[in-house]
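> for reference, the sequence and a predicted model appear below.
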Amino acid sequence: MVRLSGASVIQNLKLTHSPRACVLDLDGTLVDTLGDFEMALAAMLRQLGRAPLPRAAIACMVGKGSEHLVEAALQATQPAQAGDADPALFDRAWQLYQDAYGPINGRHSHVYPGVVDGLRALRARGLPLAVLTNKPRAHALVLLAAKRLDGYFSQVFGGDSFARKKPDPLPLLQTCRALGTPPAATLMIGDSSNDAAAARAAGCPVALLSYGYNHGQPVDEVDADGCFDSLPDLAAALARASLIESGPA
(Lines give C-alpha, C1' and ligand atoms only; values in the text may rest on other atoms or scores of the structure.)
Protein backbone atom coordinates (compact mmCIF):
# COMPACT_ATOMS: atom_id res chain seq x y z
CA MET A 1 0.00 0.00 0.00
CA VAL A 2 1.35 3.41 -0.96
CA ARG A 3 1.14 6.10 1.68
CA LEU A 4 -1.42 8.54 0.46
CA SER A 5 -1.98 12.24 0.72
CA GLY A 6 -5.09 13.48 2.47
CA ALA A 7 -6.88 14.07 -0.82
CA SER A 8 -6.14 10.57 -2.05
CA VAL A 9 -7.46 9.00 1.13
CA ILE A 10 -10.92 10.37 0.34
CA GLN A 11 -10.88 10.44 -3.46
CA ASN A 12 -9.67 6.86 -3.82
CA LEU A 13 -12.66 5.78 -1.75
CA LYS A 14 -14.97 7.60 -4.18
CA LEU A 15 -16.94 9.17 -1.36
CA THR A 16 -19.33 12.01 -2.01
CA HIS A 17 -18.61 13.43 1.45
CA SER A 18 -16.04 13.26 4.21
CA PRO A 19 -16.45 10.68 6.98
CA ARG A 20 -19.21 11.55 9.42
CA ALA A 21 -17.76 9.51 12.29
CA CYS A 22 -14.63 7.58 13.23
CA VAL A 23 -14.17 4.23 14.95
CA LEU A 24 -10.79 3.68 16.56
CA ASP A 25 -9.00 0.56 17.71
CA LEU A 26 -7.37 0.72 21.16
CA ASP A 27 -4.27 -1.45 21.64
CA GLY A 28 -1.55 -0.39 19.21
CA THR A 29 -3.64 2.55 17.98
CA LEU A 30 -4.35 4.76 20.99
CA VAL A 31 -2.29 3.11 23.72
CA ASP A 32 0.88 1.00 23.68
CA THR A 33 -0.21 -1.78 26.01
CA LEU A 34 2.60 -4.26 25.40
CA GLY A 35 3.95 -3.66 28.90
CA ASP A 36 0.63 -4.64 30.45
CA PHE A 37 0.41 -7.77 28.33
CA GLU A 38 4.00 -8.68 29.09
CA MET A 39 3.51 -8.44 32.85
CA ALA A 40 0.17 -10.28 32.90
CA LEU A 41 1.40 -13.09 30.67
CA ALA A 42 4.59 -13.44 32.71
CA ALA A 43 2.53 -13.85 35.88
CA MET A 44 0.30 -16.41 34.18
CA LEU A 45 3.20 -18.40 32.77
CA ARG A 46 5.06 -18.32 36.06
CA GLN A 47 2.08 -19.93 37.78
CA LEU A 48 2.13 -22.60 35.08
CA GLY A 49 5.85 -23.26 35.54
CA ARG A 50 6.78 -21.74 32.18
CA ALA A 51 9.30 -19.11 31.16
CA PRO A 52 8.12 -15.61 30.21
CA LEU A 53 7.85 -14.55 26.59
CA PRO A 54 9.91 -11.71 25.09
CA ARG A 55 8.03 -8.52 24.28
CA ALA A 56 8.69 -8.89 20.55
CA ALA A 57 6.95 -12.26 20.53
CA ILE A 58 3.97 -10.86 22.42
CA ALA A 59 3.63 -8.01 19.92
CA CYS A 60 2.98 -10.57 17.18
CA MET A 61 0.17 -12.13 19.23
CA VAL A 62 -1.79 -8.96 20.05
CA GLY A 63 -4.93 -7.87 18.22
CA LYS A 64 -7.28 -10.82 18.07
CA GLY A 65 -8.63 -10.74 21.60
CA SER A 66 -7.48 -11.87 25.02
CA GLU A 67 -8.48 -15.49 24.44
CA HIS A 68 -6.26 -15.64 21.37
CA LEU A 69 -3.42 -13.98 23.27
CA VAL A 70 -3.56 -16.56 26.07
CA GLU A 71 -3.84 -19.45 23.62
CA ALA A 72 -0.90 -18.16 21.57
CA ALA A 73 1.21 -17.76 24.71
CA LEU A 74 0.44 -21.33 25.75
CA GLN A 75 1.36 -22.64 22.31
CA ALA A 76 4.61 -20.66 22.23
CA THR A 77 5.71 -22.00 25.62
CA GLN A 78 4.40 -25.55 25.26
CA PRO A 79 6.98 -28.19 26.24
CA ALA A 80 8.33 -30.18 23.30
CA GLN A 81 6.99 -33.46 24.69
CA ALA A 82 3.47 -32.13 25.28
CA GLY A 83 0.59 -33.72 23.41
CA ASP A 84 -2.64 -32.17 22.17
CA ALA A 85 -3.94 -28.97 23.71
CA ASP A 86 -5.65 -29.50 27.06
CA PRO A 87 -8.90 -27.51 27.45
CA ALA A 88 -8.50 -27.60 31.22
CA LEU A 89 -5.08 -25.98 30.87
CA PHE A 90 -6.53 -23.13 28.84
CA ASP A 91 -9.29 -22.60 31.40
CA ARG A 92 -6.72 -22.39 34.19
CA ALA A 93 -4.43 -20.13 32.16
CA TRP A 94 -7.35 -17.86 31.25
CA GLN A 95 -8.29 -17.37 34.88
CA LEU A 96 -4.67 -16.76 35.87
CA TYR A 97 -4.33 -14.18 33.11
CA GLN A 98 -7.51 -12.38 34.11
CA ASP A 99 -6.43 -12.35 37.76
CA ALA A 100 -3.07 -10.85 36.78
CA TYR A 101 -4.26 -8.39 34.14
CA GLY A 102 -6.99 -6.65 36.11
CA PRO A 103 -4.77 -5.07 38.79
CA ILE A 104 -2.08 -3.93 36.32
CA ASN A 105 -4.33 -2.72 33.50
CA GLY A 106 -2.83 0.59 32.36
CA ARG A 107 0.10 0.58 34.79
CA HIS A 108 2.73 -0.49 32.24
CA SER A 109 1.29 1.19 29.15
CA HIS A 110 1.36 4.67 27.64
CA VAL A 111 -0.64 6.78 25.23
CA TYR A 112 1.12 7.10 21.89
CA PRO A 113 2.58 10.51 21.03
CA GLY A 114 0.10 12.72 19.20
CA VAL A 115 -2.99 10.71 20.13
CA VAL A 116 -4.54 13.39 22.34
CA ASP A 117 -3.91 16.12 19.77
CA GLY A 118 -5.31 13.88 17.05
CA LEU A 119 -8.46 13.11 19.01
CA ARG A 120 -8.96 16.80 19.71
CA ALA A 121 -8.59 17.58 16.01
CA LEU A 122 -11.12 14.93 15.03
CA ARG A 123 -13.57 16.14 17.65
CA ALA A 124 -13.04 19.74 16.52
CA ARG A 125 -14.28 18.66 13.10
CA GLY A 126 -17.51 17.54 14.75
CA LEU A 127 -16.83 13.84 14.23
CA PRO A 128 -18.40 11.45 16.77
CA LEU A 129 -15.79 8.95 17.94
CA ALA A 130 -16.11 5.36 19.15
CA VAL A 131 -13.65 2.74 20.34
CA LEU A 132 -13.95 -0.79 18.98
CA THR A 133 -11.41 -3.21 20.43
CA ASN A 134 -11.11 -6.96 20.79
CA LYS A 135 -10.09 -6.38 24.41
CA PRO A 136 -12.89 -7.17 26.92
CA ARG A 137 -15.03 -4.04 27.29
CA ALA A 138 -14.52 -3.77 31.06
CA HIS A 139 -10.75 -3.68 30.59
CA ALA A 140 -11.10 -1.15 27.77
CA LEU A 141 -13.17 1.19 29.94
CA VAL A 142 -10.66 1.02 32.79
CA LEU A 143 -7.73 1.65 30.46
CA LEU A 144 -9.36 4.60 28.71
CA ALA A 145 -10.23 6.19 32.05
CA ALA A 146 -6.74 5.59 33.43
CA LYS A 147 -5.22 7.32 30.41
CA ARG A 148 -7.83 10.13 30.46
CA LEU A 149 -9.06 9.27 26.99
CA ASP A 150 -12.59 8.21 27.92
CA GLY A 151 -14.07 11.67 27.46
CA TYR A 152 -13.38 11.67 23.73
CA PHE A 153 -15.66 8.74 22.91
CA SER A 154 -19.42 8.45 22.84
CA GLN A 155 -19.31 4.66 22.48
CA VAL A 156 -16.89 1.95 23.64
CA PHE A 157 -17.27 -1.65 22.52
CA GLY A 158 -15.07 -4.63 23.35
CA GLY A 159 -14.45 -8.13 22.15
CA ASP A 160 -17.25 -9.38 24.38
CA SER A 161 -19.80 -6.77 23.27
CA PHE A 162 -21.00 -8.77 20.26
CA ALA A 163 -21.25 -12.39 19.16
CA ARG A 164 -18.09 -12.09 17.04
CA LYS A 165 -14.84 -10.11 17.08
CA LYS A 166 -12.87 -8.25 14.44
CA PRO A 167 -11.98 -9.11 11.69
CA ASP A 168 -15.61 -10.21 11.41
CA PRO A 169 -17.60 -7.18 10.19
CA LEU A 170 -20.37 -7.59 12.78
CA PRO A 171 -18.77 -5.50 15.56
CA LEU A 172 -17.99 -2.65 13.19
CA LEU A 173 -21.46 -2.71 11.65
CA GLN A 174 -23.01 -2.61 15.11
CA THR A 175 -20.72 0.26 16.10
CA CYS A 176 -21.80 2.20 13.01
CA ARG A 177 -25.39 1.60 14.03
CA ALA A 178 -24.70 2.91 17.54
CA LEU A 179 -23.07 6.02 16.06
CA GLY A 180 -25.96 6.52 13.67
CA THR A 181 -23.75 6.66 10.58
CA PRO A 182 -23.69 4.36 7.54
CA PRO A 183 -20.54 2.23 7.11
CA ALA A 184 -19.49 4.08 3.95
CA ALA A 185 -19.37 7.32 5.97
CA THR A 186 -17.62 5.83 9.02
CA LEU A 187 -13.83 5.76 9.00
CA MET A 188 -12.12 2.86 10.78
CA ILE A 189 -8.76 3.84 12.27
CA GLY A 190 -6.48 1.04 13.43
CA ASP A 191 -3.01 -0.43 13.32
CA SER A 192 -3.41 -3.87 11.79
CA SER A 193 -4.74 -6.14 9.09
CA ASN A 194 -7.40 -7.17 11.59
CA ASP A 195 -8.86 -3.64 11.55
CA ALA A 196 -8.52 -3.35 7.78
CA ALA A 197 -10.22 -6.69 7.13
CA ALA A 198 -13.13 -5.77 9.39
CA ALA A 199 -13.52 -2.43 7.62
CA ARG A 200 -13.38 -3.93 4.15
CA ALA A 201 -15.99 -6.55 5.07
CA ALA A 202 -18.24 -3.94 6.67
CA GLY A 203 -17.94 -1.47 3.80
CA CYS A 204 -16.09 1.17 5.83
CA PRO A 205 -13.12 3.22 4.66
CA VAL A 206 -10.00 2.43 6.70
CA ALA A 207 -6.78 4.23 7.59
CA LEU A 208 -3.93 2.64 9.52
CA LEU A 209 -1.30 4.04 11.84
CA SER A 210 2.25 2.85 11.25
CA TYR A 211 3.46 2.53 14.84
CA GLY A 212 1.22 -0.31 16.09
CA TYR A 213 1.62 -4.07 16.21
CA ASN A 214 0.02 -5.64 13.10
CA HIS A 215 0.98 -9.16 14.18
CA GLY A 216 4.65 -8.41 13.45
CA GLN A 217 4.05 -7.64 9.76
CA PRO A 218 4.71 -4.36 7.87
CA VAL A 219 1.56 -2.27 8.07
CA ASP A 220 2.14 -0.60 4.71
CA GLU A 221 1.53 -3.95 3.00
CA VAL A 222 -2.04 -4.10 4.31
CA ASP A 223 -4.98 -3.35 2.00
CA ALA A 224 -6.09 0.00 3.42
CA ASP A 225 -6.94 3.47 2.14
CA GLY A 226 -4.05 5.28 3.80
CA CYS A 227 -1.20 4.82 6.26
CA PHE A 228 -0.05 7.60 8.58
CA ASP A 229 2.71 8.01 11.14
CA SER A 230 0.48 9.75 13.69
CA LEU A 231 -3.15 10.52 14.45
CA PRO A 232 -2.61 14.28 13.90
CA ASP A 233 -1.24 13.48 10.42
CA LEU A 234 -4.43 11.58 9.67
CA ALA A 235 -6.64 14.35 11.06
CA ALA A 236 -4.78 16.91 8.95
CA ALA A 237 -5.20 14.74 5.86
CA LEU A 238 -8.94 14.58 6.45
CA ALA A 239 -9.04 18.36 6.82
CA ARG A 240 -7.15 18.84 3.55
CA ALA A 241 -9.43 16.39 1.79
CA SER A 242 -12.49 18.23 3.08
CA LEU A 243 -11.18 21.49 1.65
CA ILE A 244 -10.57 19.86 -1.73
CA GLU A 245 -14.00 18.23 -1.63
CA SER A 246 -15.79 21.51 -0.91
CA GLY A 247 -13.79 23.41 -3.52
CA PRO A 248 -12.72 27.06 -3.48
CA ALA A 249 -14.82 29.51 -1.54
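Cool, got the structure.

> only the buried residues of the helix ranked longest in the chain, if you could.
In the chain, taking DSSP state H as the definition, the longest helix is helix 87-104. Counting neighbours by 16 or more other CB atoms under 10 Å, one finds that the buried residues in helix 87-104 are 93-94, 96-97, 100-101, 104. (Glycine included, C-beta is placed from N, CA and C.)

> just after that helix, pick out the following helix or strand.
strand 110-111 (DSSP states H and E).

> roughly how far is the next helix or strand after that following strand from the heart of the chain?
Next along the chain after strand 110-111, taking DSSP H and E as the criterion, comes helix 115-124. Put simply, helix 115-124 sits 17 Å off its chain's centre (CA atoms, centre = their mean, to the nearest Å).

> and helix 115-124, what's buried?
So helix 115-124, judged by 16+ other CB under 10 Å, has buried residues 115-116, 118-119, 121-123.

> what's in contact with that helix?
Here helix 115-124 makes contact (CB atoms under 8 Å, 6 or more residues apart in numbering) with 22, 30-31, 129, 149, 152, 230-232, 234-236, 238-239.

> ditto for stretch 91-98
40-41, 43-44, 47-48, 66-67, 69-70, 73-74.

> how close does residue 221 get to residue 63?
15 Å (CB to CB, to the nearest Å).

> more neighbours: which of the two?
More neighbours surround residue 63 than the other of residue 221 and residue 63, with 28 against 11 (other CB atoms under 10 Å).

> low-confidence ranges in the chain?
1-17, 81-85, 243-249 (pLDDT under 70).

> tell me the SS of residue 134?
Three-state call for residue 134 (DSSP: H, G, I helix; E, B strand; the rest coil): coil.

> that one contacts residue 67, doesn't it?
No. Using CB atoms under 8 Å, residue 134 is not in contact with residue 67; the gap is 9.1 Å.

> who has more neighbours, the two?
residue 134 (28 against 16).

> so who does that one touch?
63-66, 68, 158-159, 165-166, 194.

> pull out the buried members of the contacts of helix 115-124.
Here, 16+ other CB under 10 Å leaves 22, 30-31, 129, 149, 152, 230-232, 234-235, 238-239 buried among the contacts of helix 115-124.

> find the residue closest to residue 97 in space, skipping its chain neighbours.
With sequence-adjacent residues excluded and distances taken as CB to CB, 6 or more residues apart in numbering, residue 97 is closest to residue 44, at 4.5 Å.

> buried ones in the helix or strand containing that neighbour?
Following DSSP H and E, one finds residue 44 within helix 34-47. Buried residues in helix 34-47, counted by 16+ other CB under 10 Å: 34-45.

> got the angle for it vs helix 87-104?
For helix 34-47 against helix 87-104, the angle by axes from the mean of the first three to the mean of the last three CA atoms, to 10 degrees is 130 degrees.

> and helix 34-47, what other elements does it pack with?
helix 55-59, helix 66-76, helix 87-104 (3 or more CB pairs under 8 Å, 6 or more residues apart in numbering; DSSP states H and E).
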